[in-house]
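Asks: Let's see this in three dimensions:
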Amino acid sequence: MPNGHPVLPRPGRRLLLATTALFVLLSPGTPAPAAVSSPDLPAFRQELLARINRLREHQDLPPLEADPRLQAASQEWAERLAAERRLRHRSDDSLSSLLEEGGWETINENLYYGSEPLNPGRVLMDWERSPLHRKNLLNPAIRLAGLGRAVGGNGAAYVVFNGAGGKRQKTWEELWQKLPFPRRGG
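Replies: Okay, here's the model as predicted:
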């Protein structure tokens, strides 16, 4: 929120964030230990996505598909949170960049912090109990999902969910730039 004003996406774009009141901060001068991806990451992702899809099915919503770009972005963010031992959402600019790169109309993010061993059932149960997290999971506009999980040097696990959907229509200017002939003045 620069100058106390919220940063809003351009018209036709929506950024949805589930907020959390839990922050784990490093003491000044303490180096952050490296984050570790857990060896069971593929199984964790698969089970958590299956549980999210069962929740969506009960609400007559289509299932989410794992998207490699969202998986990579979610994993990168989970590892960063674990390395910093801090829970915080990406900035609006960072989410807007993901939105642009994917060409989506909507993107959202849920975070989770807990101690190991962490199981997908517990993560989903806690997200379901939070109205904002639940709203993100049940957003009918999202069709794709990315899940990341990393463990920090403090033994805490960080989970990131990103959902995205809707293909953005290209502007005339974007289409013009892709035309295969030389243009004047540029």
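
Asks: Tell me where the chain has strands.
Replies: In the chain, the strands defined using DSSP state E lie at 14-17, 36-37, 65-66, 104-115, 144-151, 156-167.

Asks: Point out where this protein drops to low pLDDT.
Replies: Within the chain, the segments meeting pLDDT under 70 span 1-39, 91-92, 94, 168-172, 174-176, 178, 182-186.

Asks: rerun that using 80 as the cut-off
Replies: Applying pLDDT under 80 to the chain picks out residues 1-39, 85-88, 90-96, 99, 116, 167-186.

Asks: hang on, the earlier thing: can you put the strands of the chain in JSON lines and add distance to Arg54 and mean neighbour count?
Replies: Using the backbone N, CA and C atoms, a C-beta is placed for each residue, glycine as well. Output for those, formatted as JSON lines (distance: least, C-beta to C-beta, whole Å; neighbours: other C-beta atoms under 10 Å):
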{"stretch": "strand 14-17", "distance to Arg54": "21", "mean neighbour count": "17"}
{"stretch": "strand 36-37", "distance to Arg54": "25", "mean neighbour count": "14"}
{"stretch": "strand 65-66", "distance to Arg54": "15", "mean neighbour count": "12"}
{"stretch": "strand 104-115", "distance to Arg54": "17", "mean neighbour count": "22"}
{"stretch": "strand 144-151", "distance to Arg54": "13", "mean neighbour count": "25"}
{"stretch": "strand 156-167", "distance to Arg54": "15", "mean neighbour count": "23"}
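
Asks: what's the closest of these to Gln59?
Replies: strand 156-167 (14.0 Å; C-beta to C-beta).

Asks: Extract the C-alpha set from that closest one and format it as PDB.
Replies: C-alpha atoms of strand 156-167 as PDB (Å, rounded to 0.1, in the frame of the first residue of the first chain):
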ATOM      1  CA  ALA A 156       8.800 -25.100  10.100                       C
ATOM      2  CA  ALA A 157       7.000 -26.000   6.800                       C
ATOM      3  CA  TYR A 158       5.700 -23.300   4.500                       C
ATOM      4  CA  VAL A 159       3.000 -24.100   1.900                       C
ATOM      5  CA  VAL A 160       1.900 -21.800  -1.000                       C
ATOM      6  CA  PHE A 161      -1.100 -22.200  -3.200                       C
ATOM      7  CA  ASN A 162      -1.600 -20.100  -6.300                       C
ATOM      8  CA  GLY A 163      -4.700 -20.400  -8.400                       C
ATOM      9  CA  ALA A 164      -5.200 -18.700 -11.800                       C
ATOM     10  CA  GLY A 165      -7.700 -18.700 -14.500                       C
ATOM     11  CA  GLY A 166      -9.200 -17.000 -17.500                       C
ATOM     12  CA  LYS A 167      -7.200 -16.200 -20.600                       C
END
